[in-house]
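Trainee: pasting the sequence and the predicted coordinates here, then a few questions.
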Amino acid sequence: MNYLSKISFLLLFSSTVFAQGVCDITTGIEKGGFTFDGPSTVCFGQTVKLKDNSGGTDVKYIFGYSGQAASKLSSITSQSNLDYAFPGAGQYKVLQYGKKNGKDMYFCDVVRVLANTEPIYTTSACNDFLQIIIGQDPANNFDSYRIDWGDGFIENTPTGTALPIKRFRNYTTVATFRTIRVEGLYNTPNSCPRATTKVISMNGGTNYPNIKTLEMSADSKSATLSLTGALDDYDLYQRSATGNYINGQFMMKVKPGTYTVSLVDTVQSCFKVFRNFGCKEGSGEVCTTKLDVKAIDKTNVLKWQNHPSGGTTITYDVQVIVKSVSTTIKKEEKGRASTTINTPGNPHTDPVDCTKEYCYQVVNKVQGTIDYGRFSYESTSLSPIRCINRKDVVPEAITESIVTVKDNNQVEINITDNSPWTLQRKEYIYYKFENNTLDKINFGTLTKQYTDASVDASTKSYCYKVTFIDECGSTSAASPALCSIFLDQVSGGNLEWTNNSPFGNTNINKFEIQSFNEQTNLPKLETTKNANEIVYIPNLDDFDVEAKYRIKAISINGKESFSNTYTIPIAVKLFLPSAFTPNGDNINDELSVKGSTKRISNFEIQIYNRWGNAVFSSTDPSKTWDGKFQDKNVPSDTYSFKIIAKLNDGQEFNKSGKFVLLR
């Protein structure tokens, strides 16, 4: 029985012995009783003898009671015989039950059954040296121990000596074999069968340690190591796969068991253990296995660190040769049983259903020899378990697209899908990007053009990002921000615009400032600016009603994006000459309103003489006055005027003044 099995057995046995049952009932019953006709501790094979002193009737016994309820006792094998030989070593509960004074009667006691006197121990032997270790094993529950070294010398340990007990002997002569006997002794009983003798070969240790498994952690920074061997202290050493143990790192003292250790090399570290005492047994060498899994198209590609093979190392005079390494891959589809991929190439390409999740682990079986070929070893190096869910795989982003402002101030996004990801697209997703937050604005489309009708690009710049979902369900990284160009008029009357790129990763090369003809509404190039210039001083002299401008951004590869169109209303300026001469010489014979009148929707002018009498009025800003009132010339004099106009945007314009009429 191995160590872990013994522990499991003892835990199970203890839970059985001390289980609750009728032995714990103290009220409503009569207490029985029995004594041992002899010792209550016996050796395996000896009979326990009881003596009934209960005074009850219909008395029965269960040898090995395990806590069943009173209602179940009739179904358990019992006997009225007071003698019993237990089937194995251990600690047993004996139940006596029957009737007494008309009530149920119970009584329990414990019997200890001992095996023979052979403890669990290991040896290390070579030439004239022999070491014996009586380990800290649950089976070693003796009161004291005795070692017969086979050369006439017998060594006894004091009662209660703590385990493990380590003893060694340097013989005065060299022998090929030694016959020894190691016994455990009980104070009571003292008649158990003696341990048998053992013949020990003196040409090498028989309990070489072995690193049974070595599993690398998910972050490649540590590994879990499982060590078997003699119950002794070992020196654990580690080296980089490109280094050696002379300059390697001594980790710690270890016993057989499981340990987690930090790695000196996250690519590959190798381990050995040695017992730097006596015969100096050492383990074989095992190195970590690093695994990377990457999704490419509809396959998963596995690449791992190969285990060194064929190398020879010598430490503490213990030679280790790695003879062979056989590799398999454990593959598990989520929700299904695992399968094994035998003799895979490195890297290994695994065609899969890319909509499902898979987990992989590389298993390297390492076989070699120890101590110049006298012993063989086998270890297993396990990679971390790498799981890949294609929904977690992030394809490369689309990096070049365009946003532009349409005539109605909505923003249009045009995708240029330049992602190197080769799988088919199932959906393009458009996001509004604001305050470092992505807000999805479309649902399920393969269209590479989208218009955001929810915005007014004449109020500010809007930024967007795009992603795609491929046929395997993977969502790409988001594109760089694509920002519309916002054109506005700032204090002082200058035009200014934003210059965040509307082309993603492609830079702006230059800006063109365009104006629109008032009659044809066709754009006209006003001037060109560099990518770092964002201000333009407009000249409004050629406009009557309104001046319209927009910015055209041109990328370094010739792509174009337009800003919103910004309109500057032309201010209304009306005036009359300070004098006119209606004398028939065809020079300045009529008085007319001067200035920009195209924005006027309602108009009225009135002219008064010095006494405040109206001599002329009109609702047509283009009508002139010839200096007559009721077909008669008015005299030369100073006259006053008043203009009342309403503009097409609802504003009112009022002007008054004086002029001189000369004949």
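Mentor: Perfect, thanks for sending it. Here the structure is a predicted model, which means the values were calculated and not measured. Numbers count the residues shown, from 1 in each chain.

Trainee: could you use CA atoms for every contact and neighbour count after this?
Mentor: OK.

Trainee: how does the protein divide into domains?
Mentor: 3-114, 121-201, 210-391, 394-570, 574-661 (automatic domain parsing).

Trainee: could the ones you listed go into CSV alongside mean pLDDT?
Mentor: Below are the domains of the chain laid out as CSV (pLDDT from 0 to 100):
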stretch, mean pLDDT
domain 3-114, 83
domain 121-201, 89
domain 210-391, 90
domain 394-570, 95
domain 574-661, 92
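
Trainee: tabulate those domains (CSV), appending mean neighbour count.
Mentor: As requested, these are arranged in CSV below (neighbours: other C-alpha atoms under 10 Å):
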stretch, mean neighbour count
domain 3-114, 16
domain 121-201, 16
domain 210-391, 19
domain 394-570, 18
domain 574-661, 15
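
Trainee: report the distance from whichever strand or helix holds Lys272 to the chain centre.
Mentor: Taking DSSP states H and E as the criterion, Lys272 maps to strand 269-274. Distance of strand 269-274 from the chain centroid (C-alpha atoms, centre = their mean, to the nearest Å) equals 30 Å.

Trainee: how about the helices in the stretch 351-500 of the chain?
Mentor: Taking DSSP state H, counting those that start in this stretch to define them, one finds no helices in the stretch 351-500 of the chain.

Trainee: all strands for it, in order.
Mentor: 357-370, 375-382, 386-389, 400-405, 411-416, 425-434, 437-440, 449-452, 463-470, 482-483, 487-489, 495-497 (DSSP state E, counting those that start in this stretch).

Trainee: of the ones you listed, which is nearest Gly257?
Mentor: Closest to Gly257 of the strands of the stretch 351-500 of the chain, according to C-alpha to C-alpha: strand 375-382, at 14.6 Å.

Trainee: show me what that closest one is packed up against.
Mentor: strand 210-216, strand 286-287, strand 357-370 (3 or more C-alpha pairs under 8 Å, 6 or more residues apart in numbering; DSSP states H and E).

Trainee: of all those strands, which lies closest to Pro384?
Mentor: Short answer: strand 210-216, nearest of those by C-alpha to C-alpha, at 5.3 Å.

Trainee: which one's the longest strand in the chain?
Mentor: Across the chain, the longest stretch assigned as strand under DSSP state E is strand 318-333.

Trainee: returning to what we had before: which residues does the strand holding Lys272 contact?
Mentor: Strand 269-274 is contacted by residues 209-211, 234-241, 263, 280-288, 316 when judged by C-alpha atoms under 8 Å, 6 or more residues apart in numbering.

Trainee: for stretch 143-162, same thing?
Mentor: With contacts defined as C-alpha under 8 Å, 6+ apart, stretch 143-162 is touched by Arg169, Arg178, Thr179, Ile180, Arg181, Val182, Glu183, Gly184, Leu185, Tyr186, Asn187.

Trainee: so how far is it from its chain's centroid?
Mentor: On C-alpha atoms, centre = their mean, the centre of stretch 143-162 falls 57 Å from that of its chain.

Trainee: and Tyr186, how close does it get to Pro119?
Mentor: 12 Å (C-alpha to C-alpha, to the nearest Å).

Trainee: joint contacts of these two?
Mentor: Phe142.

Trainee: which residues touch Ile513?
Mentor: Counting by C-alpha under 8 Å, 6+ apart, Ile513 touches Leu525, Glu526, Thr527, Thr528, Lys529, Tyr536, Tyr549, Arg550, Ile551, Lys552.

Trainee: pipe those into JSON lines and attach secondary structure per row.
Mentor: Output for the contacts of Ile513, formatted as JSON lines (DSSP: H, G, I helix; E, B strand; the rest coil):
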{"residue": "Leu525", "secondary structure": "strand"}
{"residue": "Glu526", "secondary structure": "strand"}
{"residue": "Thr527", "secondary structure": "strand"}
{"residue": "Thr528", "secondary structure": "strand"}
{"residue": "Lys529", "secondary structure": "strand"}
{"residue": "Tyr536", "secondary structure": "strand"}
{"residue": "Tyr549", "secondary structure": "strand"}
{"residue": "Arg550", "secondary structure": "strand"}
{"residue": "Ile551", "secondary structure": "strand"}
{"residue": "Lys552", "secondary structure": "strand"}
